[in-house]
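Novice: Just the structure for this:
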Amino acid sequence: MKSAVTKKKTFVIRSYAWKWQLLWIVGFFFFIILILHVDEPNDNTEKLTENGCFEPKNGKHLCYCGDESLLYDRLLGEYCSNGQIIQSKSNTQNESVLRSVISAIHQSTREKNANAKVVALRQQNNADYVPLKNVSVEAKIHWFAADVTLTHVYINREENPIEAVYIFPIEDNAAIYDFTAEIDNRIIRAVLKEKEVAQAEYGKAVQQGKTGVLLQQSQETLDTFQVNVGNIPSGKECIVKIRYVTELDLIDGKFIRFVIPTTISPRYNPKLGGLQSPNRQGANYVQNTPYFMLFRAQIDRGDQDKIKYIANLSHPVSVSASNRMIEVTSEDIALDRDFILDIDLPSNRPEILVAVEQVDNSNRHAILTALMPTKDYQKKDITITTEFIFIVDCSASMENEQKIGLARQAMLLFVRGLPINSHFNIIRFGSTFQVLFENKAMTTVYNEQTVKQAENLLQSMTADLGGTELLKPLQYLKDHPPMNGRLRRVFLLTDGEVSNTNQVINLCAAMSSTTSIFSFGLGYSPSRSLVKGLAEATKGASIFVPLNSPVDQYVAIQLRQALSSSFSTVRLQWHGLSTTPLQAPTTIPPIYADGRVLVYTFLENSDLNRKMTQLDIVMDDNQREKMDLTNSIIRHTNTIRRLAAKSLIKELQYKQLDNSRSKQIIQLSLTHNILSPLTAFVGIEENKLIQDNRPSQTRYVPIQIAKGDEHLLYSSPIVNNRVSRFLNMLIPVQQVAVMSLQRRPFDKLIITSTTPGPTENMIASLTVNPVRWLIEHQSYNGLWMLNDNEIKQLTNGKAWTEFKFGISDNKDVITTSLVIALLQLKYANQHSLWIILAEKGRNQMINLGLSKDKIDLLIKQIKDKLQLLMKINISP
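Specialist: Prediction:
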């Protein structure tokens, strides 16, 4: 019995000993692994840049300071001075430079569900392969341009070598001047050549097992670019850098807008009768991707008139501001919408700016002249001589409310703002097109009956016309030119999702002698090359409506420019030059109030004597300005030269290409090292990285579908030999965080009435958006014909008769003057929204027999009384 007990105890003791030995062995094993892991070099270790800083990460930009290597954060406004960390006083409230911010951080569909499956090009052994690891953007922004570095990191996670192909957008007016790749610590610097030559060199190198890179611009869509990275060895990364300079758009004369396009919406191809994948290649559209974008920008605040505010209109950002610079960063950006940043300009800036650049320390110079009039210098009634035609995209791609909904709102405001007795028409288009007023004259007179017809059509307008065949309605306009010597202003509202961009622009350029297009880009990622190209080719103007922005202000901008007179003939006359200058654009387009035109001048083999050189700016045969270059600072950069070359190339693109123009484009492109649709960058690594001649497999980077276009993946087959079999694998659309701009709320009117019924709806409308309510209640002829109850709501219970002042007994004249007075008093900060409608009201009162002086006096007297009644402070 004891023996059994003893054996049992011995067994238990040995069991515990065995377990402790096992635990010790396991622990020692993990300890060794930990040491090896610590000692092992890590590819993901953060690397210092040349200025002693790490890459921005998690909202921080850490740098070392001094011999003691103290860490400081540039995004907190800290900087290093003589080995000490200094906190800039101007940076204690970085967020103060934000004019408006995103209140909810945007999240892509993949961020909400960490386990959501990423659909890639193919599946092998249940693993998804996407050759693009991440994208980053670094920008240096000046007052008229930005210098941008776009970085792609490609990776081969497969056993065999691959060719990575990525199709992506860049601004059409971007001048791409450098293309490099780094692989295996070796730099491949690409060379610009004719496209066919570059393609042949790249193809031959890849066949030989060499690593090569190729960058091309689409000749059809113009804003679509393609990178090929051939023969990436297994397990290797390839870092591609694309450098370009681009102009910044001026919006409403107040701020400049910097945009990074991130995705390409499916484009409709009329020849195929359906949507096509970008460049007709094998890239698929998916709802989410594993790669994302990092954004970083440095904004030069200027020397004298400082930039005070910026506005992030699309994504959340981190901001750091110093006396000289504003730094903006954003991380983990889903590539499903354009990145948009607005930069407010100083209000006291000059109307004409001149910048001089010396090219490569030679006797060549490039000069930029920026013309930015802030008001009309000539007043002409263009109503009789101009017809207004609205072309509205009602194709299936416009289905999202951020598109067709905005188009509907915009059109109602456009129509309401037209002058009486003008001539207008509306054309809806998709696979076919429909004309509202069909007659030989192409337009009809703007009156009460035709306005009602137009508004009835617009209120029920839907995206029900199939594909996006823009060429058909434009060809119809060309076949029906303006009558009786009239000029034509065309308003085009579209998302621009067409594949034949260049063909459409060439057609409109042929009408530019009589037709100007004012284009309107809608949606999260509209075709910027189409929207801007149509306006540039026809001497009109373009504008884009950012995500969740009120459409009213953008309608007002376009309508104000279209209705105002412009400087139609502008010339630069140079004196004191030793050579004849080359100008881009060769013919300066019309300049509208609060608009801007950039004119580039090339001086070849000219010793520029600033004291002897003088510039006369002549507008409509009247000398507007005389300038000399005595005090001009000569910059030693290539930004102006590159943008000038790009401007000349685009001017040739907008014409029907023949052999002569093609040669001119190629020559300009190669001379100034600027990519064009007829040239391409190509680079070859001569040291063969693939030694066993294993064949390379092509892998297309999947493209994230633009926000608002998800329905296209299900409703329309995308014309692509490989895409259809992946549609069933797509993840259902998930909820995306709603974004809204923190804007200054409308001031609430003082309302005391408790009358039930319709008045309550009016009170609600006045409280939410009083300016829109007033706009919507203006009569077609410009008068505000309000009833007694509405007048009392606007005036804190006063009747219209208390505002007569003996000038007029006409109720409509009194109420119209009352509304104008109220707009001036309370909503001067929204002046751009209502000024055209107020002018329309004034003109109608003049038609009723009142003089301008009496109208001004009546409005002033009403304003004085309103201030006493409602204690309104005049808006600044």
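
Novice: Which strand or helix spans L406?
Specialist: Taking DSSP states H and E as the definition, one finds L406 inside helix 406-417.

Novice: Give me the pLDDT value at M739.
Specialist: M739 carries a pLDDT score of 27 in this model.

Novice: right, I mislabeled it, should have said G77
Specialist: Looking at G77, its pLDDT is 54.

Novice: before we move on, what about the one 5 residues further on?
Specialist: Model confidence at N82, expressed as pLDDT, equals 62.

Novice: do you know how far Q459 is from L507?
Specialist: According to CB to CB, to the nearest Å, Q459 and L507 sit 31 Å apart. No exception for glycine: its C-beta is placed from N, CA and C like everyone else's.

Novice: Compare neighbour counts for the two and give me the winner.
Specialist: Shown here are Q459 and L507; by other CB atoms under 10 Å, L507 has more neighbours (19 against 10).

Novice: Phi first, then psi, for the more buried one.
Specialist: The phi and psi values for L507, taken as degrees, to the nearest 10, are phi -60, psi -50.

Novice: burial measure for the residue lying closest to it once chain neighbours are set aside, as a count.
Specialist: Distances taken as CB to CB, 6 or more residues apart in numbering put L474 closest to L507, at 5.5 Å, once the chain neighbours are dropped. Counted by other CB under 10 Å, the residues lying close to L474 total 25.

Novice: Let me know the secondary structure of L474.
Specialist: Here L474 is helix, with the state taken from DSSP: H, G, I helix; E, B strand; the rest coil.

Novice: Was I right to think it contacts A509?
Specialist: No - using CB atoms under 8 Å, L474 is not in contact with A509; the gap is 11.0 Å.

Novice: Any stretches of the stretch 1-150 of the chain with poor pLDDT?
Specialist: Along the stretch 1-150 of the chain, the parts satisfying pLDDT under 70 run over 1-52, 55-61, 67-68, 74-79, 81-83, 86-96, 99-128.

Novice: Over to the stretch 501-650 of the chain?
Specialist: In the stretch 501-650 of the chain (pLDDT under 70), the answer is 565, 610, 623.

Novice: That one: strands as residue ranges?
Specialist: Along the stretch 501-650 of the chain, counting by DSSP state E, counting those that start in this stretch, strands occupy 515-521, 541-544, 570-575, 582-584, 597-603, 614-619, 622-628, 634-635.

Novice: what's the answer for the stretch 301-450 of the chain, then?
Specialist: With strands called from DSSP E, counting those that start in this stretch, the stretch 301-450 of the chain shows them at 310-312, 318-321, 325-333, 339-344, 352-358, 365-371, 386-393, 423-429, 433-435, 444-445.

Novice: what's the residue closest to the geometric middle of this structure?
Specialist: Centroid-nearest residue in the chain, with CA atoms, centre = their mean: V259, separated by 4.1 Å.

Novice: gap between that one and K478?
Specialist: From V259 over to K478 the distance is 30 Å, taken as CB to CB.

Novice: Over to E839?
Specialist: From E839 to K478 the distance is 32 Å (CB to CB).

Novice: Ok, K804 next?
Specialist: Applying CB to CB, the value for K804 to K478 is 53 Å.

Novice: do F437 as well
Specialist: F437 sits 18 Å away from K478, going by CB to CB.

Novice: Those two: which is more packed in?
Specialist: When F437 and K478 are compared for neighbours, F437 comes out ahead with 17 against 14, by other CB under 10 Å.

Novice: Pairing partners for the residue lying closest to that one once chain neighbours are set aside in the sheet, please.
Specialist: Of all residues not flanking F437 in the chain, T444 sits nearest, at 4.2 Å (CB to CB, 6+ apart). Under DSSP bridges, the beta-bridge partners of T444 are F424.

Novice: Tell me, how many residues neighbour P550?
Specialist: P550: 17 neighbours (other CB under 10 Å).

Novice: Sketch out the low-pLDDT regions of the stretch 651-800 of the chain for me.
Specialist: Ranges of the stretch 651-800 of the chain meeting pLDDT under 70: 689, 691, 711-767.

Novice: can you do 80?
Specialist: Flagging of the stretch 651-800 of the chain using pLDDT under 80 yields the residue ranges 656, 688-695, 708-769.

Novice: All the strands of it, in order from the start?
Specialist: All strands of the stretch 651-800 of the chain, identified by DSSP E, counting those that start in this stretch, fall at 679-685, 697-700, 703-704, 718-719.

Novice: what about these, which gets the closest to A198?
Specialist: Among the strands of the stretch 651-800 of the chain, the nearest to A198 by CB to CB is strand 679-685 (3.8 Å).

Novice: for the closest one, packing partners?
Specialist: When contacts are defined as 3 or more CB pairs under 8 Å, 6 or more residues apart in numbering; DSSP states H and E, strand 679-685 packs onto strand 175-183, strand 186-189, strand 191-194, helix 195-207, strand 211-217, helix 659-672.

Novice: For the residue nearest to F437, grab the count of nearby residues.
Specialist: Using other CB under 10 Å, T444 has 18 neighbouring residues.
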